[in-house]
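**Student:** Mind folding the following:
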Amino acid sequence: MLELRPNCECCDANLPPDSDAARICTFEHTFCADCADVRFETACPDCGGGLVARPIRPESQLHRYPASLRRVNRGHRYGRASVN
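**Tutor:** Predicted coordinates:
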C-alpha cells in the first residue's frame, strides 16, 4: 500500500492524496511536479530512479486506507539542473 506522503521532500509543497502534481519513485520518495521536472530532471535525487505521477487513491478508499500525515523534508538544494 502506498504511503501517500503529504508533501514534497524538497520544497515542502503540500501534496494531498488527490494531487495530480505528486511524483514518486519506486522507494516512494515524493516530490512535486516542479521539483521533479525542473530541479531533478525526472530522476530521484535519493535513489536515481525515475519519478512518475503518483496514483490517486479513490476517495472511497481513503477512510479505510488513509494517506500518511508524516511530512518528510530532506532539504535538497539542487538537482542535476541548475536552479537559480
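
**Student:** just the strands in this structure please.
**Tutor:** Assigned by DSSP state E, the strands in the chain fall at 22-24, 30-32, 52-53.

**Student:** By residue count, tell me the biggest helix in the chain.
**Tutor:** helix 59-62 (DSSP state H).

**Student:** just checking, what packs against that helix?
**Tutor:** Packing partners of helix 59-62 (3 or more Cβ pairs under 8 Å, 6 or more residues apart in numbering; DSSP states H and E): none among the helices and strands. For glycine as for every other residue, the C-beta is placed from the backbone atoms N, C-alpha and C.

**Student:** Just the mean pLDDT for it, thanks.
**Tutor:** Across helix 59-62, pLDDT averages out at 95.

**Student:** The closest residue to residue 8 other than its chain neighbours: neighbouring residues, count only.
**Tutor:** Of all residues not flanking residue 8 in the chain, residue 32 sits nearest, at 4.0 Å (Cβ to Cβ, 6 or more residues apart in numbering). Residue 32: 22 surrounding residues under other Cβ atoms under 10 Å.

**Student:** ok, now the one 3 residues further on?
**Tutor:** As a burial measure, the neighbour count of residue 35 was computed by other Cβ under 10 Å and equals 22.

**Student:** so how far is residue 66 from it?
**Tutor:** Distance of residue 35 to residue 66, given as Cβ to Cβ, to the nearest Å: 24 Å.

**Student:** Equivalent analysis for residue 60, please.
**Tutor:** To residue 66, residue 60 is 12 Å away according to Cβ to Cβ.

**Student:** got it, and residue 46?
**Tutor:** Taking Cβ to Cβ, one finds residue 46 at 24 Å from residue 66.

**Student:** thinking again about what came up before, what sits up against the longest helix of the chain?
**Tutor:** 17-18 (Cβ atoms under 8 Å, 6 or more residues apart in numbering).

**Student:** That concludes my questions; thank you for your assistance.
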